[in-house]
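> Next come a sequence and a model predicted from it.
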Amino acid sequence: MSGTSKENSGRHPLYKGVRQRKNSDKWVSEIREPRKHNRIWLGTFSTPEMAAVAYDVAALALKGTQTGLNFPNSAFSLPVPASMSPGDIQAASASAAAAFGAARDASVERSNVMVNGSYENTNGFMDEDLIFDMPNVLMDMAEGMLLSPPRQPTFDAASEADDYTGADDHLWNFP
């Protein structure tokens with residue numbers, strides 16, 4: 001049945017409570033209050049994942065822990081609304097979506113490394129030498145291991161006459 005209203009509604013095929021705005025690349029999320037006809041508008045988001053996280057916060061608050069979630073493994077880390085009021089649910093949902101977006105942006109920035117004045121995506125590998133501007137850090141560490149230890153102090157005849165044995169001389173006792 002092509003052309004049905006369900007196919008053209010913009011609903012996301014994977015995430016509950018998420019649909020795409022018509023003629024836009026924005027995603028919206030809303031949830032129906034249990035046993036009421038009212039819907040709580042959760043917001044407009046740049047990605048479907050952000051909208052899905054917002055839905056999960058609202059679903060947990062309104063329907064409890066037994067409800068189906070978009071991201072069930074992250075339920076424990078989602079914020080809990082201060083009350084069951086629509087305003088508090090919207091605020092907690094917006095907070096969770098913003099945190100998800102910030103985490104996504106941070107992971108994208110972390111995967112970009114500055115190489116010769118331009119960013120290069122490394123997809124998981126990071127060269128700490130380039131990041132911290134220390135291209136020879138391993139060589140410097142190896143050279144440090146080749147240094148001779150500090151010399152033992154020389155004793156004159158007077159200190160040897162006092163029965164000095166040197167038993168307490170350890171490397172960490174020297175200045």
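Ah, there it is.

> what ranges do the helices span in this protein?
48-63, 86-110, 128-131, 137-145, 157-161 (DSSP state H).

> and the gap between Gly64 and Phe100?
22 Å (CB to CB, to the nearest Å). C-beta: built from backbone N, CA, C; applies to glycine.

> go on, Ala58?
Ala58 sits 14 Å away from Phe100, going by CB to CB.

> Tell me which of those two has more neighbours.
Applying other CB atoms under 10 Å to Ala58 and Phe100 shows that Ala58 carries more neighbours, namely 26 against 22.

> For that one, give me the pLDDT.
pLDDT recorded at Ala58 is 94.

> Repeat that for Gly3.
46.

> Same question for Arg11.
Looking at Arg11, the pLDDT reads 75.

> so who does it touch?
Going by CB atoms under 8 Å, 6 or more residues apart in numbering, Arg11 touches 18-19.

> how close does Ser24 get to Phe45?
11 Å.

> now Ala59
In terms of CB to CB, Ala59 sits 16 Å off from Phe45.

> What of Gly64?
24 Å.

> same check, this time on Ala75
From Ala75 to Phe45 the distance is 19 Å (CB to CB).

> Which of the two has more residues huddled nearby?
Phe45 (23 against 14).

> I'd guessed that one sits against Ala97; true?
Yes: counting by CB atoms under 8 Å, Ala97 is a contact partner of Phe45 at 5.6 Å.

> Okay, now the unreliable bits of this protein?
For the chain, the stretches flagged by pLDDT under 70 are 1-9, 106-138, 153-175.
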